[in-house]
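**Student:** give me a 3D structure for the following:
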Amino acid sequence: MAGKRSLMPPGEDALLARLLSKVPVCAGLGPGDDCAAVPGPARGEWLLLKTDAVAEDVHFLRSHDPAQVGWKALCRPLSDIAAMGGTPSEALVTFFSPPGLDASWWVRFYEGLGRAARRFGVTVAGGEMSRQTHGIAVSIALTGRVRRSHLATRSGGKPGDLLVVTGRLGGSPGGRHLTFVPRLEEGRWLARHARPHAMMDLSDGLGSDLPRLAAACGGGFEIDRPRIPRHRGCSIEQALSDGEDYELLLAVTPARWNSLANRWRGVFPNLPLTVIGRLTATPGLPADWPSGWDHFRTPDARGKS
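**Tutor:** The predicted structure is shown next:
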């Protein structure tokens, strides 16, 4: 209706800023990065804290294999641990189940979640279960750890740093969003050997996540779009906007890159590591920059793809 005030601010980032203004915020590395980080129990170590959720008709469909949904539910926060250079530890799993959903759905879900937990060294420490009137939803809280000297954040990038991505982008709605492998080993390796000035995972797509990294670093960016590595059959637009790639985006000095590329190929010969642009000193977006996924602006739910 014309003139009616919107009930929601324009997008996730604006809503988050509005909500955080109402609460006390962690004194360590709090909201705004891939994980929160607070001093850990061991000297020289950070404790990583992360929560993530999947919801029916947003992140998956009822028709999808529940085991794949369980895999995705745990691998989403694992990807954030990877972006901090960390190692995961314990998970708390909370789920909401609608009337009429057979218990076998949840058994199958936990089979997939269990496969991910065993593969990546996670133990389930507890959680909660509840009924709700409609729709399936799952929230997972995850802890991790990382040496202070290896902690990677979004905010340390400097003008002139090269922007680098792992793997290939685009095409997640075709099913890859249910089967991706979080880059935990690669994230730890990069944190130790590349010493990136900034790093994050690409969960909402390069179109949304790269501006977040650049803003956290206090500047802007320029991209050579044809150099963006893409899955076969994907356009540059899809690589920018599809989202749910769960690859890593990092900022490194040109000098560090010169020694990094060959070492990477020796350790991860089947995974590309590609320079796609650089950080700049001037904030703002390049012309015709598309947006990636945003829960409060993207019209079509991921699960409906």
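**Student:** tell me the bridge partners for the residue lying closest to residue 248 once chain neighbours are set aside.
**Tutor:** Distances taken as C-beta to C-beta, 6 or more residues apart in numbering place residue 166 nearest to residue 248, at 4.6 Å, with adjacent residues excluded. Bear in mind the C-beta positions are built from the backbone N, C-alpha and C, glycine included. On the basis of DSSP bridges, residue 166 is bridged to residue 273.
**Student:** so residue 166 touches residue 273, yeah?
**Tutor:** Yes - between residue 166 and residue 273 there is a contact at 5.8 Å, judged by C-beta atoms under 8 Å.
**Student:** so residue 128 makes contact with residue 94?
**Tutor:** Yes - taking C-beta under 8 Å as the contact criterion, residue 128 and residue 94 are neighbours in contact, 4.4 Å apart.
**Student:** quick one: which of those two has more around it?
**Tutor:** More crowded of residue 128 and residue 94, by other C-beta atoms under 10 Å: residue 94, with 16 against 10.
**Student:** please identify the buried residues of the helix or strand harbouring that one?
**Tutor:** Counting by DSSP states H and E, the element that carries residue 94 is strand 87-97. Judged by neighbour count using 16 or more other C-beta atoms under 10 Å, the buried positions of strand 87-97 are 87-89, 91, 93-97.
**Student:** go on, stretch 166-183?
**Tutor:** Buried, per 16+ other C-beta under 10 Å, within stretch 166-183: 166-173, 176-178, 180-183.
**Student:** could you pull out the strands for the chain?
**Tutor:** 36-39, 45-55, 87-97, 123-131, 137-147, 162-166, 198-201, 220-223, 248-252, 273-280 (DSSP state E).
**Student:** reformat those strands as CSV; add distance to residue 288 and mean pLDDT.
**Tutor:** Formatted as CSV, the strands of the chain follow (distance: least, C-beta to C-beta, whole Å; pLDDT from 0 to 100):
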stretch, distance to residue 288, mean pLDDT
strand 36-39, 35, 92
strand 45-55, 31, 96
strand 87-97, 38, 98
strand 123-131, 44, 97
strand 137-147, 36, 98
strand 162-166, 18, 98
strand 198-201, 23, 97
strand 220-223, 11, 97
strand 248-252, 20, 98
strand 273-280, 15, 98
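**Student:** using CSV, please lay out the ones you listed together with distance to residue 212.
**Tutor:** Below are those laid out as CSV (distance: least, C-beta to C-beta, whole Å):
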stretch, distance to residue 212
strand 36-39, 16
strand 45-55, 16
strand 87-97, 23
strand 123-131, 29
strand 137-147, 20
strand 162-166, 13
strand 198-201, 7
strand 220-223, 11
strand 248-252, 10
strand 273-280, 13
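**Student:** for residue 23, which of the ones you listed is the nearest?
**Tutor:** strand 36-39 (13.2 Å; C-beta to C-beta).
**Student:** just how off-centre is the closest one within its chain?
**Tutor:** On the basis of C-alpha atoms, centre = their mean, to the nearest Å, strand 36-39 sits 18 Å off its chain's mean C-alpha point.
**Student:** re the thing from before, name the nearest of the buried residues of strand 87-97 relative to residue 290.
**Tutor:** residue 88 (32.0 Å).
**Student:** residue ranges with poor pLDDT in the stretch 151-300 of the chain?
**Tutor:** Applying pLDDT under 70 to the stretch 151-300 of the chain flags the ranges 291-300.
**Student:** all helices for it, in order.
**Tutor:** 184-189, 206-216, 236-241, 254-267 (DSSP state H, counting those that start in this stretch).
**Student:** what about the closest residue to residue 181 other than its chain neighbours, neighbour count?
**Tutor:** Leaving aside its sequence neighbours, residue 181 sits nearest to residue 75 (C-beta to C-beta, 6+ apart; 7.3 Å). Neighbours of residue 75 under the rule other C-beta under 10 Å: 25.
**Student:** ok, residue 75 - contacts?
**Tutor:** Residue 75 sits next to 116, 120, 180-182, 246 when contact means C-beta atoms under 8 Å, 6 or more residues apart in numbering.
**Student:** give me the domain ranges for the protein.
**Tutor:** 30-150, 162-284 (automatic domain parsing).
**Student:** can you redo these as JSON lines with distance to residue 23?
**Tutor:** What follows is the domains of the chain, written out as JSON lines (distance: least, C-beta to C-beta, whole Å):
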{"stretch": "domain 30-150", "distance to residue 23": "9"}
{"stretch": "domain 162-284", "distance to residue 23": "20"}
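**Student:** among the ones you listed, which is nearest residue 18?
**Tutor:** Closest among the domains of the chain, once you apply C-beta to C-beta, is domain 30-150, at 12.1 Å.
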